[in-house]
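Chemist: this one's sequence-less:
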C-alpha cells in the first residue's frame with residue numbers, strides 16, 4: 001500500500017513539473033514573438049481618372065504583428081552592394097506613419113524605372129527601430145520582368 005501511494009505522489013509531482021515547464025516555455029515564447037511585423041506587397045499600377053496614363057510603383061505595407069509599429073520609409077539596395085549599404089531611397093509621401101495591428105498603408109512613386117531597374121536586388125521598408133522588412137525576391141523579380149516587358 002505504501003509503495004502505491006509513493007508511486008502516485010511521484011506521478012503527480014512529475015505531471016506538475018511538466019505542466020509548469022510547458023507553461024514557462026509558452027510564456028517566454030509569447031513574450032519574445034510579441035512584436036510588430038510588416039507584410040509588404042507591390043504592384044505596377046495606374047490611377048483611375050488621372051490626366052496621364054503613367055505607370056506607378058505601388059507599395060502596400062501591412063502590420064501583421066501584435067504591436068503598433070512606426071514605419072519610417074522605404075527604399076532598396078543595388079544587387080551585390082547591400083553589405084556596403086549602397087542604396088537608393090525613395091521620398092515617401094505619407095511616411096513616417098504609425099500602423100496599428102492589421103492596419104495598412106499604401107505608398108506610390110513615379111520613379112518606376114529607378115525602383116524596378118534590373119540592378120536593384122532588394123526593396124525594403126524600415127521601422128523606427130531600424131529593422132528592415134523586405135519585399136520577397138520572387139515578387140521583385142516578377143515586377144522587374146513585367147516592367148522590362150512593358151518598355152519593349
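Modeler: Received, thanks. Owing to the predicted nature of the structure, the values given are computational and were not obtained by experimental measurement. Numbering: from 1, shown residues only.
Chemist: what ranges do the strands span in the chain?
Modeler: For the chain, the strands defined by DSSP state E cover 38-45, 56-63, 69-78, 87-89, 97-99, 104-109, 120-127, 132-134.
Chemist: pLDDT wise, what is residue 83 at?
Modeler: You'll see residue 83 listed with a pLDDT of 62.
Chemist: next one: residue 138
Modeler: Looking at residue 138, its pLDDT is 96.
Chemist: domain assignment for the protein?
Modeler: 1-34, 38-150 (automatic domain parsing).
Chemist: next, format those domains as a markdown table and append mean neighbour count.
Modeler: No exception for glycine: its C-beta is placed from N, CA and C like everyone else's. Shown next, in a markdown table, are the domains of the chain (neighbours: other Cβ atoms under 10 Å):
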| stretch | mean neighbour count |
| --- | --- |
| domain 1-34 | 9 |
| domain 38-150 | 15 |
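Chemist: which of the strands of the chain has the lowest mean pLDDT?
Modeler: Taking the mean pLDDT of the strands of the chain, strand 87-89 comes last: a mean of 71.
Chemist: with distance to residue 24 as added columns, please give the strands of the chain in JSON lines.
Modeler: Formatted as JSON lines, those follow (distance: least, Cβ to Cβ, whole Å):
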{"stretch": "strand 38-45", "distance to residue 24": "30"}
{"stretch": "strand 56-63", "distance to residue 24": "29"}
{"stretch": "strand 69-78", "distance to residue 24": "28"}
{"stretch": "strand 87-89", "distance to residue 24": "42"}
{"stretch": "strand 97-99", "distance to residue 24": "32"}
{"stretch": "strand 104-109", "distance to residue 24": "35"}
{"stretch": "strand 120-127", "distance to residue 24": "30"}
{"stretch": "strand 132-134", "distance to residue 24": "30"}
